[in-house]
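Student: kindly return the folded structure for what I paste below:
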Amino acid sequence: MNNPRKETVIIVHGTWAAPQAGTVKWYQPPEGGASTSNFVAKLDAALQERGSPARCWAHCGTSENIFHWSGENSWIDRITAASKLQEYIRNLENDGWRCHVVAHSHGGNVTVDALLNHEQRHESAGKIVTLGTPFVDSTTVITNRIEGKNNLLKIVAFIGSILYAIASFYFLYDAYWTMFPDVNYSFATISRFFSDKTVLYFTFGAVSAIFVPTLIAGGIKMPSKNDISGMRSVAVNNEIFCISSTQDETWQALHHIRNGHDPLRIQTGLLKFIFIALKAERESLLAFSRIHGQKGYRDLSIINRLVLFAVHLITIVASIIILSAILLWYFFPIEGNELAYGLMLANLANWAGLCVYALIGLVVLMTKITGPDFYSAVWSPLRWMRRQIAALASVPSALATYEIRRRAWRVLRDMALGLDGYPYELPQVERAPGKFPIGQVTYEDLSSEATQHALSLRNDWIERYLGGVSQTFSKMAVTTTDINALLRAISEDQSLVHSTYYSNDACISRIADWISGRR
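Tutor: Numbering: from 1, shown residues only. Model (predicted):
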C-alpha cells in the first residue's frame, strides 16, 4: 500500500513581521496546538475539511524550524530571503515533500524570486498563493543585463575562436612550407621532421585549428532573438493564485508613491531657476531691510529725492577724485617736476576735502530738517550693493537646492519601495507578477464582504494614526525611519485591508480551495 503523500504549507511573512520572542505571529503555529483562532489553525481546519493532506508547517517538528526572513523593507533583504527560501524548498522536495506556499505582502516578492531560479519536478510542484502582495520586479532588469553581458561575451568568444582557428591554420601552413619547401617523402625528411622542435609548434597548430574552435563553439549557445531583446522564458511548474484589492493600504501607498507626480521637482531649467532664486533672494533681503525700518528713494518726497541724488552725486565725484589722486601717486609719478606734481595732488586733495565737507554738511542739514528717514536713505546704495553680493553668494545654495529637489522624490520613493541603492529605473507596483507565462497566474479581488468589513474599521485606524502621519510629513526632513514607521503601522494593524487576507474566514477558505485543488 502506498504511503500517503507528504504535503506541507510554507507561510512566508511580509515586511516587519519577523518572529519576536514572546509573541506568536499570525503565520506561526499556535503554542501547544490548542488555539483555533489564528491563521495556521483555521487554514489547517479548512484543508482537512476539503480532504487535502496538506498542513501548515507539516514538515516542522518545532516552531523554531519554520521559514522566516529579516522582514526589512529592502530589496537586498528580499533577494537574500528568496535565495534562502529556494534552498529551504529544495531540501524539503529532496525529502519527498510537496511544498505549497502562502505568502503575504512582500513575502510574495520573496516567493516569486525564489521560484524563478528553482528547478523542480512537475509532480513536486505545489500551489502558490500570494496575499496583498505589491509586486515589485527588481530582479528581471538585473538578470536581463547579466544575460546581455553573457551573450556579448559568448559572441566575442565565438568570433575569437574563429580568428584563432584562422591564425592556427596560417601558422600550420607557414611551418610546413618553411621546413619542407620541396615535398619529399623520403625517410630522411620524415626523420628530420620528427626530430626538429618545430614539430611541436606544427602539432599544436594542427590540434588548435581542428579541435579548439569545435570545443569552444560546442560550449557556446548563441543568443536567441528573445535573449537579445531581454525576454526570458520562465520554467516554473507552480500555479500562482494572487488575492489582492485596490483598497489595500500598502498597495495604494506604494502604487501612488511610485506613479504619483513629483511634487518636489523643479519644473524650470537650471539657469532660469538660478535667475529666479537670485531675484527671490534680493527681494527677501529688501523685505528684511523694510522690516528693520531702512529707507530708500521711494520713501522720500520728490524734493528730498533730488537732494539725495545730489548727495550721492557729490559722493561719486569725491570718490573719483580721491581714487585719481591715489592712482597718480602710486602708478604715474612725474620725475623732474616734483613741485608741479605735488601741487596737482594737493588741489585734488582740496577738492576731495571740499566735496566731503559739503557732503557731510548737506546730510546733517537734511537730516535735521526732514528727520532720520533721509539719513537712512543716504546709505541705500551701499545696502543695494550688499544685497547683490549676498544674492550672488547664495548661488551655491541654489545649486544644491536644485539638485536635492531633483533627486528628493526618487529618494523618498526608494525608501518606500525598499529599493535604496537600486541602480535602475524603479519598477512598477503591480497586483500580480508580470514575469510568468499567461495562464499560469490567476488573480482574484478580495471579496467585497471582507473589503467592506475592513473599510468600516479604517476610521478607527485613521483616528489612531492620523496625528502620527501629519507629524511625520510636517517635518522639514523626512528620514527613512519616518517612512518605514508609517508603512510599519499599516503593515501591523490587523484592522486594515492589508491584514484581512489572513484574518478573514472567507479569504482563508479561498486559500484552502486553491491548495486543495477546488479553485
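Student: was I right to think Ala277 contacts Thr401?
Tutor: Yes. If you go by C-beta atoms under 8 Å, Ala277 and Thr401 touch, sitting 7.5 Å apart. (C-beta placed from N, C-alpha, C; glycine too.)
Student: these two: who's more crowded?
Tutor: Using other C-beta atoms under 10 Å, the more surrounded residue of Ala277 and Thr401 is Ala277, with 19 against 15.
Student: contacting residues around the helix or strand the more buried one falls within?
Tutor: Using DSSP states H and E, the element containing Ala277 is helix 270-291. Helix 270-291 is contacted from outside by 266, 268, 383, 386-388, 390-392, 394-395, 398-399, 401-402, using C-beta atoms under 8 Å, 6 or more residues apart in numbering.
Student: what's the helix or strand just after it packed up against?
Tutor: Proceeding N to C from helix 270-291, the next assigned helix or strand is helix 302-331, under DSSP H and E. Helix 302-331 is packed against helix 338-370, helix 372-378, with contacts defined by 3 or more C-beta pairs under 8 Å, 6 or more residues apart in numbering; DSSP states H and E.
Student: among the ones you listed, show the one with the smallest mean pLDDT.
Tutor: The minimum mean pLDDT among the helices and strands packed on helix 302-331 belongs to helix 338-370 (a mean of 71).
Student: ok, now which ones touch Thr80?
Tutor: Thr80 touches Trp69, Ser70, counting by C-beta under 8 Å, 6+ apart.
Student: please begin residue numbering at 552 from this point
Tutor: Yep, numbering from 552; the last one is Thr631 now.
Student: roughly how far does it sit from Trp960?
Tutor: 27 Å (C-beta to C-beta, to the nearest Å).
Student: could you do Gly1068 as well?
Tutor: 46 Å.
Student: now Ser875
Tutor: Ser875 is 57 Å from Trp960, by C-beta to C-beta.
Student: need phi/psi at Glu790.
Tutor: With angles defined as degrees, to the nearest 10, Glu790 sits at phi -90, psi 130.
Student: report how many residues lie close to the residue lying closest to it once chain neighbours are set aside.
Tutor: Closest residue in space to Glu790, ignoring its immediate chain neighbours: Lys678 at 5.8 Å, by C-beta to C-beta, 6 or more residues apart in numbering. Neighbourhood size, Lys678 [other C-beta under 10 Å]: 22.
Student: show me what the one helix or strand Lys678 maps to is packed against.
Tutor: In this structure, Lys678 is located in strand 676-682 according to DSSP H and E. For strand 676-682, the packing partners by 3+ C-beta pairs under 8 Å, 6+ apart come out as strand 649-655, helix 658-667, strand 790-795, helix 1056-1067.
Student: the first one pairs with which strands, parallel or anti?
Tutor: According to DSSP bridges, strand 649-655 forms sheet pairs with strand 558-563 (parallel), strand 676-682 (parallel).
Student: give me the residues contacting the helix or strand following the strand holding Lys678.
Tutor: Beyond strand 676-682 on the C-terminal side, the first helix or strand identified by DSSP H and E is strand 686-687. For strand 686-687, the surrounding residues in contact (C-beta under 8 Å, 6+ apart) are 626, 657, 659-660, 663, 805, 968-970, 978-985.
Student: alpha carbons of stretch 846-859, as PDB, please.
Tutor: What follows is stretch 846-859 as a C-alpha-only set of coordinates in PDB (Å, rounded to 0.1, in the frame of the first residue of the first chain):
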ATOM      1  CA  LYS A 846      14.600 103.700   3.800                       C
ATOM      2  CA  GLY A 847      15.300 104.300   0.200                       C
ATOM      3  CA  TYR A 848      14.400 106.700  -2.700                       C
ATOM      4  CA  ARG A 849      10.800 105.600  -2.900                       C
ATOM      5  CA  ASP A 850      10.200 106.600   0.800                       C
ATOM      6  CA  LEU A 851      11.200 110.300   0.200                       C
ATOM      7  CA  SER A 852       9.400 113.200  -1.300                       C
ATOM      8  CA  ILE A 853      10.400 114.500  -4.800                       C
ATOM      9  CA  ILE A 854      12.500 117.400  -3.400                       C
ATOM     10  CA  ASN A 855      14.200 115.200  -0.900                       C
ATOM     11  CA  ARG A 856      14.900 112.700  -3.700                       C
ATOM     12  CA  LEU A 857      16.600 115.400  -5.700                       C
ATOM     13  CA  VAL A 858      18.700 116.400  -2.700                       C
ATOM     14  CA  LEU A 859      19.600 112.800  -2.000                       C
END
